[in-house]
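> the sequence and its predicted three-dimensional model are supplied below.
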Amino acid sequence: MTTLTQPSTTGLAVDFYDPTGTRYGFPTYPYLDAPAGLATRRQLRAAGLRPGGHDPVAQILWRHRRQQRVAYLYRLDLAAPERVATPAQRKAIAKALRARRTCRSCGLVQPYYIPRRTGACLDCIPGGAQ
Ligand SMILES: [Zn+2]
């Protein structure tokens, strides 16, 4: 029924199947065969999550061009939302951006960033950007 073809490297997946960590000292799963409830950092990020301070609980091992690769797995139930700016932080950012558009000479807020060299808008110093 399924048309998915398995890699013909039989035994490779078994090599990396060590859920109890007896061989690798850390719970280990083959590529594409990680248990549900675990995700890589990349997968967490795609879901708008981050590890949230907890250490990986397992690893995925696979071979890529004769090199052994590893990706660490984190528990989804311990993942936290990605950090978003608090209202106070957003306010501070907005204030900083506004300050960059405020002319130090005439005090007007311009729709563009004031050239750092002069600190004055183009009305005060025409061609100030040079
Ligand atoms: Zn000005």
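Here it is on my side, so go on.
> alpha carbons only for contacts and neighbour counts from here, please
Will do.
> domains of the chain?
Per the record, the chain has its domains at 12-81, 85-122, by automatic domain parsing.
> okay, these, which one's buried deepest?
domain 12-81 (a mean of 16; mean count of other Cα atoms under 10 Å).
> picking up where we left off before, now the domains of the chain as TSV including distance to the ion and mean pLDDT?
As requested, the domains of the chain are exported to TSV (distance: least, Cα to the ion, whole Å; pLDDT from 0 to 100):
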stretch	distance to the ion	mean pLDDT
domain 12-81	42	88
domain 85-122	4	91
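> now the strands: where do they sit in this protein?
Per DSSP state E, the chain carries strands over the ranges 28-30, 38-40, 49-50, 58-64, 67-75, 80-81.
> need the contact partners of the fourth one.
Read it as strand 58-64. 16, 26-31, 34, 68-74 (Cα atoms under 8 Å, 6 or more residues apart in numbering).
> off-centre distance for that strand?
Chain-centre distance of strand 58-64: 20 Å, with Cα atoms, centre = their mean, to the nearest Å.
> repeat for the third one
The offset between the C-alpha centroid of strand 49-50 and the centroid of the whole chain comes to 8 Å, using Cα atoms, centre = their mean.
> next: the last one.
Shown here is strand 80-81, whose average C-alpha point lies 12 Å from the average C-alpha point of the whole chain (Cα atoms, centre = their mean).
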